[in-house]
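*Asks:* need a structure here:
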Amino acid sequence: MRTLNQLEGRFGILLYIALLLLAMLCIGFQPRRAESAAGFTRMEDRDFRGPKPIEVLKPNGGETYTRGIKKKMTWSTTLDPSERVRIELLRFGDVIHVIDKSTANDGLYKLTFPQEAEPGGGYKVRALLKRDTNIFDQSDKPFTVE
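*Replies:* Residues are numbered from 1 along each chain as shown. Below is the predicted model:
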């Protein structure tokens, strides 16, 4: 037969855990997210229920693009199309060029890779919500510019 102290000890631990979880929910606790060297949190690291607010669909890795030639960039969005999006070109994780500081959040952009972009791989594009740069997505895998 368990003693009263044993039951109180187990109940105390369970009560402590329940109160801790309740406090975490009340203050909006979120687990720590990994950040890139530039201080951005990838959308994949965030705890979303349902579709991502912004998801880059193309270019999404493996493609080859020619500098100076327009190609379509597409993304899906669950946000208001009147919101503004910033589009950046990254190479090996670093922003090397701001393609557009503010464009419509309509999921389509005619992308031109700048002549200054060095030929080679390791490129990605990132679409960030202008009013909240914590909401963004980027190409899943690198692509090549020639």
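
*Asks:* For the chain, which segments count as helices?
*Replies:* Counting by DSSP state H, the chain has these helices, from start to end: 4-26.

*Asks:* got any ranges where it has weak pLDDT?
*Replies:* 1-12, 14-16, 18-50 (pLDDT under 70).

*Asks:* repeat that for 90
*Replies:* Within the chain, the ranges that satisfy pLDDT under 90 run 1-52, 81, 114-116.

*Asks:* which residues does residue 136 form a beta bridge with?
*Replies:* Per DSSP bridges, the residues bridged to residue 136 are residue 128.

*Asks:* Counting neighbours, what do you get for it?
*Replies:* When neighbours are defined as other CB atoms under 10 Å, residue 136 has 23 of them. In short, each C-beta sits where N, CA and C put it, glycine included.

*Asks:* Just to check, it is in contact with residue 130?
*Replies:* No. Using CB atoms under 8 Å as the test, residue 136 is too far from residue 130 to be in contact (10.2 Å).

*Asks:* start to end distance for stretch 113-133?
*Replies:* 22 Å (CA to CA, to the nearest Å).

*Asks:* go on, stretch 70-86?
*Replies:* Start-to-end span of stretch 70-86 (CA to CA) is 18 Å.

*Asks:* Give me the buried stretch members for it, please.
*Replies:* In terms of neighbour count (16 or more other CB atoms under 10 Å), stretch 70-86 has its buried residues at 73, 74, 75, 77, 83, 85, 86.

*Asks:* Is the second one in contact with residue 55, as I believe?
*Replies:* No. Counting by CB under 8 Å, residue 74 does not reach residue 55; the two are 9.7 Å apart.
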